[in-house]
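Novice: Structure for the following, please:
(chains A, B, C and D)
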Protein chains: 2
Amino acid sequence: MSEIFAAIADPVRRTLIARLHSGEPLSLSALAEGLPITRQAVTKHLNQLQKSGLVRVEWQGRLRLHSLDARPMAEIDAWLAPYSAAWDRRLARLKIRVDGENNHSHKKATMTTTLETEP
Amino acid sequence: MSEIFAAIADPVRRTLIARLHSGEPLSLSALAEGLPITRQAVTKHLNQLQKSGLVRVEWQGRLRLHSLDARPMAEIDAWLAPYSAAWDRRLARLKIRVDGENNHSHKKATMTTTLETEP
DNA sequence: ACCTTAGGCAACCCATAGGTTGCATGTCAA
DNA sequence: TTGACATGCAACCTATGGGTTGCCTAAGGT
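Specialist: Numbering: from 1, shown residues only, chains lettered A, B, ... in the order given. Prediction:
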């Protein structure tokens, strides 16, 4: 389902996701550390994340290790897409070039994305 | 704040947003039509959308006209960005090319996005 | 063998999100 | 002017989300 939208709606869960990103699997206590809520509450959040597919759980001894699988976020990304011209100025310009009013011919336009390492 | 995440978390609100997209401003009754909930409930949803900045309201006689301003969604888009390599295969490949292991030199890589009219 | 640490489970609490019903008000059209 | 339509407002209901406390079990380290 699209419980994915609800999954990222909570600020605690978003920080959990952030902690899981970039890094090795984290245990429950590791994840709960520093948060202003109890370990049990964190468990509930992690269970929700697991149900939504964003978190995979794997046991190692008495450690419950959590790792992030961001792929379900694709659904949100896809949902945003139709609206994205509203804030992505490059995409907006591209769109204007494509569905300009004056002619009805088939048109294409391209833009380029560059990724580079930190200096 | 980022009540924007909560704003799009509800399925009813997402359909309201979809109806407001592509089109003229819609009145409350127009928006409520067909939905399985009362007009009053729809009002509450629209008020939340307004508070989050996604919907602008303007009166015309006895009509409360609503229009979409998708720009606040940029916050969600920005939040997704760090994770997007997980589902965007093109971006993932690009990332691999940029931070490959063998050399630590400064690197750039580009990809192209094409937009075209429907055939 | 013992204590400490990691975690599960269940009961409970409270605020609020999402919904309803009922009624009042203003505007438009005939 | 009268009736129909568009909306607001307030009270109320209920489920549930997010949190807690308390206790229990299983691994590990020493």
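
Novice: Put the alpha carbons of the host helix or strand of residue A:16 into CSV.
Specialist: Following DSSP states H and E, the helix or strand that holds residue A:16 is helix A:11-20. In CSV, the C-alpha atoms belonging to helix A:11-20 read as follows (Å, rounded to 0.1, in the frame of the first residue of the first chain):
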residue,chain,number,x,y,z
PRO,A,11,9.6,13.5,12.4
VAL,A,12,10.9,10.7,14.7
ARG,A,13,10.8,8.2,11.9
ARG,A,14,12.5,10.7,9.5
THR,A,15,15.4,11.0,11.9
LEU,A,16,15.6,7.2,12.2
ILE,A,17,15.7,7.0,8.5
ALA,A,18,18.5,9.6,8.4
ARG,A,19,20.5,7.7,11.0
LEU,A,20,20.1,4.5,9.0
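
Novice: Quick one: list the elements packing against it.
Specialist: Under the contact criterion of 3 or more C-beta pairs under 8 Å, 6 or more residues apart in numbering or on different chains; DSSP states H and E, helix A:11-20 touches helix A:28-32, helix A:39-51, strand A:63-68. In this view, the C-beta of every residue, glycine as well, is placed from N, C-alpha and C.

Novice: Looking at these, spot the one closest to residue B:64.
Specialist: The minimum distance between residue B:64 and these falls on helix A:39-51, with 35.8 Å, by C-beta to C-beta.

Novice: Tell me if the closest one is near chain B.
Specialist: No. Among the residues of helix A:39-51, none lie within reach of chain B under C-beta under 8 Å from any C-beta of the partner chain; the closest is 12.4 Å away.

Novice: how about that helix: buried residues?
Specialist: Residues of helix A:39-51 classed as buried under the neighbour-count rule (16 or more other C-beta atoms under 10 Å in any protein chain shown) are A:42, A:45, A:46, A:48, A:49.

Novice: Stretch A:11-21 now?
Specialist: Using 16+ other C-beta under 10 Å as the burial criterion, the residues of stretch A:11-21 that qualify are A:13, A:16, A:17, A:19, A:20.

Novice: any chance of these in a markdown table, with distance to DNA strand C and pLDDT too?
Specialist: Converted to a markdown table, these look like this (distance: C-beta to the nearest atom of the strand, whole Å; pLDDT from 0 to 100):
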| residue | distance to DNA strand C | pLDDT |
| --- | --- | --- |
| A:13 | 15 | 98 |
| A:16 | 13 | 98 |
| A:17 | 17 | 98 |
| A:19 | 13 | 98 |
| A:20 | 13 | 98 |
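
Novice: Among the residues you listed, which one lies nearest to residue A:99?
Specialist: Out of these, the member with the shortest distance to residue A:99 (by C-beta to C-beta) is residue A:17, at 36.2 Å.

Novice: At the geometric centre of chain A, which residue do we find?
Specialist: Nearest to the centroid of the C-alpha atoms of chain A, with distances taken as C-alpha atoms, centre = their mean, sits residue A:73, at 4.5 Å.
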